[in-house]
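**Student:** A predicted structure for the sequence below; I have some questions about it.
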Protein chains: 2
Amino acid sequence: VKGRGAGHAGRGGVRCLRLEIEYEGTRYAGWQRQPSARTVQGELLKAAEALFGSRVEIGGSGRTDAGVHALAQVAHLRTSGASQLSTRDVEVGLNRSLPHDINVLSVRPAPPTFHARHDALARYYLYQISTRRTAFAKPFVWWVRDRLDVERMRQAAALFAGRRDFRSFSEPAAAETSTIVRVETAEVDTSGDLILFRIGASHFLWKMVRRLAGALVEVGRGHLSANDVRALLEGDSREPAAWTAPPSGLFLERVLYRGDAPPVKRGPAFAVTR
Amino acid sequence: VKGRGAGHAGRGGVRCLRLEIEYEGTRYAGWQRQPSARTVQGELLKAAEALFGSRVEIGGSGRTDAGVHALAQVAHLRTSGASQLSTRDVEVGLNRSLPHDINVLSVRPAPPTFHARHDALARYYLYQISTRRTAFAKPFVWWVRDRLDVERMRQAAALFAGRRDFRSFSEPAAAETSTIVRVETAEVDTSGDLILFRIGASHFLWKMVRRLAGALVEVGRGHLSANDVRALLEGDSREPAAWTAPPSGLFLERVLYRGDAPPVKRGPAFAVTR
């Protein structure tokens, strides 16, 4: 097999790496490459093609919308043509040219067929709500001025767990054939002035986490009851669209693959200590 | 006494409030009001004059340079003419019109003669050094790529404590008549990937904390010895100017006045949990 990389003819054929990446989504039009907007995937492709001197394929575990962050997005990086770069060289080389708000946390060898989206077993998201105004955290939280009843939110979040139809909480997307999702964990916790909503599932529908977070805040405000949430889960309502929580509070926290250790309990993604 | 505020005639005369303020300095040309630059004091004055409908005096405990943050800057807000606004009204009213990266934490009544700079007994600064690249913390740390020997830094920081001449570590400023400072505490600590340098003194010289932080990093890199630091403290060198640490890592953490509780041991100002 002859490599396609300029000057990188080699025995290797296809090489695949698993990248773990953190990014602050504030300045980006989301993960997905776009012809005329700054995106995370676009920046990674630019950095990787400069490093390898050839075209590469980069695919994430899923898209994140504009303004949404990742604590550990996973992507495959597939190159054709052997390269002499070690995984450490790739990590350092990518970080050297990536913008400050995208950071490669780790690079590991993966089987040639590894596909970050198809092979992912579960995704975990964190949504951060701040109950106080803060000078530092605006890009990383949704600041809700109203008093929220956390206990009610906790009880409502428990209703999301299990195999449910999230039709009411999603934006119709062409790619989605079903709106049934099996939610593995859905929990509300607090940490200082933050309310943390964590949810894990094999996959998510478009805007689902932000609409669930929005509904939880409505519950916390006393505008929605547990029965209302149950009715939304059983029906087909467009109402939750109006409650869509802002992207700033949302973090893709973890993506799980076969052989990975299960996620451990964590604190907030970002905390101001006072 | 007739109030000067438009429509606020009253019995009060001069009223003074003590404000505690947090801000992210990134977007500002420092604390001090300037005719043609965005500053923290300038934004506060604008918000306060709109709220009181009259001219007010706002003075901070000290200036912070462009890009430097405050976890708890203290300022006096002096108004002439009585106003019916409670301290809570002032806090809420100011925050309503302040930009998102300036936040009034508290408003308390103060004696009419209270002066945030003259009355301050001690200031406490925190400098945050990050030992790893991170997508989230750039505005709040100095990322140092080189391996740092924290134990050496800790020992060097201890040399700053006591009554010392910090001539070598300051930028000459017209207002300063002496370069002698009694440093109360100077400590290096770690928290995850962060190295935290904390220093407290009755007052500080211009750029002093950033030059001390820069010298500590030189020590951590092995470029400076404890004896070199001692020599700098005994001499008059321009060398530390070249090591001035970037403003992003610096936080004014606390200002102490008569009757205040002493500061308690804290963690980092801003932490990414992974």
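**Tutor:** Right, received. Where do you want to start? Numbering: from 1, shown residues only, chains lettered A, B, ... in the order given.

**Student:** interface residues of chain A facing chain B?
**Tutor:** Counting by C-beta under 8 Å from any C-beta of the partner chain, chain A comes close to chain B at A:22-24, A:69, A:71-72, A:95, A:100-103, A:133-136, A:138, A:140, A:266-274. All C-beta atoms are positioned from the backbone trio N, CA, C, and that covers glycine.

**Student:** Buried ones only from these, please, as a PyMOL command.
**Tutor:** Selection of buried members from those for PyMOL, criterion 16 or more other C-beta atoms under 10 Å in any protein chain shown:
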select buried, chain A and resi 22+23+24+69+71+72+95+100+101+102+103+133+134+135+136+138+140+266+268+269+270+271+272+274
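
**Student:** Let's see which of the residues of chain A next to chain B end up in helices.
**Tutor:** Within the residues of chain A next to chain B, residues falling in helices by DSSP state H are A:Asn95.

**Student:** Show me where the stretch 151-274 of chain A has its helices.
**Tutor:** A:208-221, A:226-234 (DSSP state H, counting those that start in this stretch).

**Student:** Of these, flag the one that's most buried.
**Tutor:** Per-stretch averages of neighbours, counted by mean count of other C-beta atoms under 10 Å in any protein chain shown, single out helix A:208-221 among those, with a mean of 24.

**Student:** now that one: mean pLDDT?
**Tutor:** Averaging pLDDT along helix A:208-221 yields 98.

**Student:** Other residues contacting it?
**Tutor:** Identification of contacts with helix A:208-221 by C-beta atoms under 8 Å, 6 or more residues apart in numbering or on different chains yields A:125, A:127, A:129, A:142, A:144, A:146-150, A:152-153, A:156-157, A:160, A:166, A:169-170, A:181, A:186, A:188, A:195, A:197, A:199, A:224-226, A:229, A:232, A:240-241, A:243-247, A:249-250.

**Student:** Name only those of these that count as buried.
**Tutor:** A:125, A:127, A:129, A:142, A:144, A:148, A:152-153, A:156-157, A:160, A:166, A:169-170, A:181, A:186, A:188, A:195, A:197, A:199, A:224, A:229, A:232, A:240, A:243-245, A:247, A:249-250.

**Student:** which intervals of the stretch 101-250 of chain A have sub-threshold pLDDT?
**Tutor:** Applying pLDDT under 70 to the stretch 101-250 of chain A flags the ranges A:174-176.

**Student:** that older thread, out of the buried ones among the contacts of helix A:208-221, which sit inside strands?
**Tutor:** A:Tyr125, A:Tyr127, A:Ile129, A:Trp142, A:Val181, A:Ala186, A:Val188, A:Ile195, A:Phe197, A:Ile199, A:Leu250 (DSSP state E).

**Student:** Dump these into a markdown table; add distance to A:Asp65 as well.
**Tutor:** A markdown table is the format used below for those (distance: C-beta to C-beta, whole Å):
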| residue | distance to A:Asp65 |
| --- | --- |
| A:Tyr125 | 12 |
| A:Tyr127 | 13 |
| A:Ile129 | 18 |
| A:Trp142 | 14 |
| A:Val181 | 18 |
| A:Ala186 | 20 |
| A:Val188 | 22 |
| A:Ile195 | 21 |
| A:Phe197 | 17 |
| A:Ile199 | 16 |
| A:Leu250 | 8 |
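
**Student:** follow-up on the earlier one: using a markdown table, lay out the helices of the stretch 151-274 of chain A together with distance to A:Asp260.
**Tutor:** A markdown table is the format used below for these (distance: least, C-beta to C-beta, whole Å):
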| stretch | distance to A:Asp260 |
| --- | --- |
| helix A:208-221 | 21 |
| helix A:226-234 | 29 |
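
**Student:** Tell me which of these lies nearest to B:Arg55.
**Tutor:** helix A:208-221 (39.5 Å; C-beta to C-beta).

**Student:** what angle sits between the closest one and helix A:226-234?
**Tutor:** 160 degrees (axes from the mean of the first three to the mean of the last three C-alpha atoms, to 10 degrees).

**Student:** What residues does the residue sitting nearest the centre point of chain A make contact with?
**Tutor:** Centroid check for chain A by C-alpha atoms, centre = their mean gives A:Leu252 as the closest residue, at 2.6 Å. Residues in contact with A:Leu252 (C-beta under 8 Å, 6+ apart) are A:Ser61, A:Gly62, A:Thr64, A:Val68, A:His69, A:Ala70, A:Leu71, A:Ala72, A:Gln73, A:Arg123, A:Tyr124, A:Tyr125.

**Student:** In contact with the residue nearest to it when sequence neighbours are not counted, which residues?
**Tutor:** Using C-beta to C-beta, 6 or more residues apart in numbering or on different chains and skipping the chain neighbours, the partner closest in space to A:Leu252 is A:Ala70 (4.2 Å). Taking C-beta under 8 Å, 6+ apart, we find A:Ala70 in contact with A:Ile21, A:Glu22, A:Tyr23, A:Gly25, A:Trp31, A:Val40, A:Thr64, A:Phe251, A:Leu252.

**Student:** same question, A:Gln34
**Tutor:** So A:Gln34 contacts A:Gly42 (C-beta under 8 Å, 6+ apart).

**Student:** Likewise for A:Ala156?
**Tutor:** Counting by C-beta under 8 Å, 6+ apart, A:Ala156 touches A:Ala215, A:Leu216, A:Val219, A:Leu224, A:Ala226, A:Val229.

**Student:** ok so, going back, so which of the contacts of A:Leu252 comes closest to chain B?
**Tutor:** A:Leu71 (6.4 Å; C-beta to the nearest C-beta).

**Student:** tally of neighbours for A:Arg145?
**Tutor:** When neighbours are counted by other C-beta atoms under 10 Å in any protein chain shown, A:Arg145 registers 10.

**Student:** For it, give me its contacts.
**Tutor:** Neighbouring residues of A:Arg145 by C-beta under 8 Å, 6+ apart: A:Arg133.

**Student:** Please apply the same query to A:Leu159.
**Tutor:** Going by C-beta under 8 Å, 6+ apart, A:Leu159 touches A:Ala186, A:Ala226, A:Val229, A:Arg230, A:Leu233.

**Student:** What is the nearest of these to chain B?
**Tutor:** Distances from chain B to those, taken by C-beta to the nearest C-beta, are shortest for A:Ala186, at 20.2 Å.
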